[in-house]
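[1] sequence plus the predicted model coming up.
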Amino acid sequence: MKILLFGKSGQVGWELQRSLAPLGDLVALDRTSQGLCADLTDLDGIASTIRAVRPQVIVNTAAYTAVDRAESEPGLCETINSAAPEVMAAEAARIGAWMVHYSTDYVFDGSGSRPWTEDNVPAPINVYGRTKAEGERRLAAACAQHLIFRTSWVYADRGANFLRTMLRLAQERDHLSVVDDQWGAPTGAALIADVTAHALRSAVQREGLSGLYHLTAQGETTWYGYARHLIAAAQALGLPVKATLRAIPSSAYPTAAPRPHNSRLNNSKLEKAFGLQLPPWQPGVERVVASGGR
């Protein structure tokens with residue numbers, strides 16, 4: 001099985017290079033790759049790459065993820081998050097390939113307190129969320145053989161993420177204020193990659209598994225609760241963190257793009273379909289903290 005991976009240098013893409021390698025011949029690309037186009041703003045180039053490689057599976061982890069900047073760059077965000085996945089999916093359908101793609105809790109408006117299911121209708125409240133929801137819709141319409149995984153609060157021991165930022169700031173500052181009224185589940189890139197590999201292997205062998213799934217670690221917390229846990233883990237390991245934390249409401253930390261208050265996602269559909277039991281969020285965070293968040 002030949003697998004074409006877009007976005008190899010991102011948090012999830014990096015881990016996918018490890019988890020997908022045992023499944024077959026992996027061609028992993030990012031914007032700096034030579035010879036094959038992996039720039040999602042070049043739609044014709046992306047199509048040409050797929051035609052040249054002719055994979056059995058296309059995996060797209062690349063996305064426009066600068067949530068606040070997206071408010072002032074909606075056209076660019078739409079090209080990368082909506083149009084490019086549609087082009088990939090159309091090419092996948094043309095050659096009979098599978099399409100794997102990642103989406104976000106930001107497709108929902110964040111109302112209520114119950115975990116969102118795949119049957120809930122998206123109602124995004126910012127440009128990033130709208131383009132990701134549109135990308136889901138276009139991809140599913142263009143390619144029947146697809147797996148779309150919605151996830152949330154992604155972290156890893158590389159790249160820019162909340163965990164690594166908090167570890168750094170907690171060593172530099174005496175006090176940190178963190179939002180305490182947005183709820184979700186911190187989800188490790190390694191977990192996402194491992195579940196993807198398992199689900200993909202199952203999907204290509206069994207009929208009826210194509211579709212949209214929620215994929216997060218189990219449990220829930222706020223950004224403040226997340227920060228408190230990771231700093232406690234760092235202190236237990238003897239890392240030089242010194243900051244004390246203060247819980248604040250979202251209104252005290254205004255951003256260009258509004259954030260959903262309820263980002264809880266229900267994973268039951270994925271667990272039942274693929275025979276999985278997703279772990280709680282805390283151990284994954286602790287493992288990355290133990291690596292120093294490097």
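    All right, it came through fine.

[2] count of neighbours near Lys168?
    No Lys there; residue 168 is Arg. 12 (other Cβ atoms under 10 Å). C-beta here means a position set from N, CA and C on the backbone, and glycine is covered the same way.

[3] neighbours around the residue nearest to Ala243 when sequence neighbours are not counted, how many?
    Using Cβ to Cβ, 6 or more residues apart in numbering and skipping the chain neighbours, the partner closest in space to Ala243 is Ala170 (4.1 Å). The number of residues packed near Ala170 is 22, by other Cβ under 10 Å.

[4] after the helix or strand hosting Ala170, which helix or strand is next?
    Element membership of Ala170, judged by DSSP states H and E, is helix 162-172. Remark: after helix 162-172, the chain's next helix or strand is strand 175-179, criterion DSSP H and E.

[5] buried residues of the helix holding Ala170, list them for me.
    Phe162, Leu163, Arg164, Met166, Leu167, Leu169, Ala170 (16 or more other Cβ atoms under 10 Å).

[6] can you redo those residues as JSON lines with distance to Asn120 and pLDDT?
    What follows is the buried residues of helix 162-172, written out as JSON lines (distance: Cβ to Cβ, whole Å; pLDDT from 0 to 100):
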{"residue": "Phe162", "distance to Asn120": "25", "pLDDT": "96"}
{"residue": "Leu163", "distance to Asn120": "28", "pLDDT": "97"}
{"residue": "Arg164", "distance to Asn120": "31", "pLDDT": "95"}
{"residue": "Met166", "distance to Asn120": "30", "pLDDT": "95"}
{"residue": "Leu167", "distance to Asn120": "34", "pLDDT": "95"}
{"residue": "Leu169", "distance to Asn120": "34", "pLDDT": "96"}
{"residue": "Ala170", "distance to Asn120": "35", "pLDDT": "95"}
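
[7] ok, so of the residues you listed, who is nearest Ala193?
    Distances from Ala193 to the buried residues of helix 162-172, taken as Cβ to Cβ, are shortest for Leu163 (16.5 Å).

[8] surely the closest one is in contact with Ile231?
    No. If you go by Cβ atoms under 8 Å, Leu163 and Ile231 don't touch, sitting 10.3 Å apart.

[9] right, and Lys2 touches Gln56 too?
    Yes. Counting by Cβ under 8 Å, Lys2 touches Gln56, with 5.4 Å between them.

[10] anything in contact with each of those two?
    Taking Cβ atoms under 8 Å, 6 or more residues apart in numbering as the criterion, Lys2 and Gln56 both touch Gly24.

[11] for the one helix or strand Ile148 maps to, which positions count as buried?
    Ile148 is located in strand 146-151, with elements delineated by DSSP H and E. Within strand 146-151, the residues that qualify as buried are His146, Leu147, Ile148, Phe149, Arg150, Thr151, counting by 16+ other Cβ under 10 Å.

[12] how far out from the middle of the chain is stretch 137-151?
    14 Å (Cα atoms, centre = their mean, to the nearest Å).

[13] where's the residue nearest to Ser152 when sequence neighbours are not counted relative to Phe149, distance?
    Distances taken as Cβ to Cβ, 6+ apart put Asp105 closest to Ser152, at 4.0 Å, once the chain neighbours are dropped. For Asp105, the distance to Phe149 (Cβ to Cβ, to the nearest Å) stands at 12 Å.

[14] quick one: the strands in the stretch 151-294 of the chain, in order.
    Using DSSP state E, counting those that start in this stretch, the strands of the stretch 151-294 of the chain run over residues 154-155, 175-179, 183-184, 187-188, 211-214, 221-222, 244-248.

[15] among the ones you listed, which is nearest Leu43?
    That would be strand 211-214 among the strands of the stretch 151-294 of the chain, by Cβ to Cβ, at 23.3 Å.

[16] export the host helix or strand of Leu26 to PDB, keeping only CA atoms.
    Using DSSP H and E, Leu26 sits within strand 25-29. Written as PDB, here are the backbone C-alpha positions of strand 25-29 (Å, rounded to 0.1, in the frame of the first residue of the first chain):
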ATOM      1  CA  ASP A  25       5.400   2.600   1.200                       C
ATOM      2  CA  LEU A  26       5.100   6.100   2.800                       C
ATOM      3  CA  VAL A  27       5.800   9.300   0.700                       C
ATOM      4  CA  ALA A  28       5.900  12.200   3.200                       C
ATOM      5  CA  LEU A  29       5.900  15.800   2.100                       C
END
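
[17] could you give the mean pLDDT of it?
    Mean pLDDT, strand 25-29: 97.
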